[in-house]
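J.: my questions are about this predicted structure, shown below with the sequence.
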There are 2 protein chains.
Amino acid sequence: MERIPILKMGQFLLVTIQVEMHDKLAMTLQDDLTERIVQTRAKGVLIDISSLELVDSFIGRMLRDITAMSTILGAQTVVVGMKPAVAITLVELGLTLKGVRTALSVEKGMELLQVSLHAPATPGMSAGPRKK
Amino acid sequence: MERIPILKMGQFLLVTIQVEMHDKLAMTLQDDLTERIVQTRAKGVLIDISSLELVDSFIGRMLRDITAMSTILGAQTVVVGMKPAVAITLVELGLTLKGVRTALSVEKGMELLQVSLHAPATPGMSAGPRKK
């Protein structure tokens, strides 16, 4: 069965999204990721979307959901590697990925996670983007 | 165009292979990877194949070629995350991935690279598996 690999790097997990997402794959990823967070007691999750040429509302919602789930399990999420064109399209579509933190590269994302691990939780990030 | 992302992590590069490889994609990966090694002066390359259910002679050759190319450019390569079933099939097919180093996970692969960075080059690894 098709699965998106989750790689453990120190206290963080790295997910690289390369294939086109569909409902079932997104569900499997959520299941796998939440299980891995609990299993490895990961403190952060990096989601690399550098190979995505387009982020639509489906992916946007998935990123938001994953962020919220990880936050509840005690892991902070950073979405990394977004292409400039993707950012432009997102804003044009009115999707602002509220509550999802981003960084330019995996390295910058790791720095961000490392910093926020040693700092008190950012206000507004604790409960995630639950309210509409 | 379809591309396999190459992520920079410290002095290493991480390539996660998730999609089915074909000639053109393998060529693009070789081009991209060699360029990134030069650009970032990376000291090591990790190739994660944890989502591959099968490694055939084509992938085997690609892994060997990438290892040889990276070695020439001064970066050591470790293939990580091979599934047990893949290892069994490889041996049954008579493909032993000669010259390609492997590790169980990205973390173990990084440790291996870190150790060999601080040690003299292993004999027989320097020129790669060039001779038939």
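T.: Looks like it came in fine.

J.: can we go C-alpha only for contacts and neighbour counts from here?
T.: Will do.

J.: which parts of the longest helix along chain A are buried?
T.: Assignment by DSSP state H gives helix A:23-40 as the longest helix of chain A. By neighbour count, and taking 16 or more other Cα atoms under 10 Å in any protein chain shown as the criterion, the buried residues in helix A:23-40 are A:L25, A:A26, A:L29, A:Q30, A:L33, A:T34, A:R36, A:I37.

J.: which strands and helices sit next to it?
T.: For helix A:23-40, the packing partners by 3 or more Cα pairs under 8 Å, 6 or more residues apart in numbering or on different chains; DSSP states H and E come out as helix A:57-72.

J.: circling back to that earlier point, helix or strand right after the longest helix of chain A?
T.: Downstream of helix A:23-40, the next assigned helix or strand under DSSP states H and E is strand A:44-48.

J.: quickly run through the sheet partners of that following strand, with directions.
T.: Sheet pairing of strand A:44-48 (DSSP bridges) gives strand A:12-16 (parallel), strand A:76-80 (parallel).

J.: before we move on, back to that, can you pick out the most distant pair from the buried residues of helix A:23-40?
T.: A:L25 and A:I37 (17.9 Å; Cα to Cα).

J.: where does pLDDT dip in chain A?
T.: When residues are selected by pLDDT under 70, those of chain A lie in A:1, A:120-132.

J.: what does it have sitting close to chain B?
T.: A:3-5, A:7-10, A:16, A:18-19, A:50-51, A:105-107 (Cα under 8 Å from any Cα of the partner chain).

J.: what do you get if the cut-off is 6 Å, keeping everything else the same?
T.: Proximity of chain A to chain B, by Cα under 6 Å from any Cα of the partner chain, involves residues A:P5, A:M9, A:S51, A:E107.

J.: what's the farthest-apart pair in those?
T.: Going by Cα to Cα, the pair spanning the residues of chain A next to chain B furthest: A:M9 and A:S51, at 20.1 Å.

J.: return the most buried member of the strands paired with strand A:44-48.
T.: Neighbour counts (mean count of other Cα atoms under 10 Å in any protein chain shown) averaged over each of the strands paired with strand A:44-48 peak at strand A:76-80, with a mean of 26.
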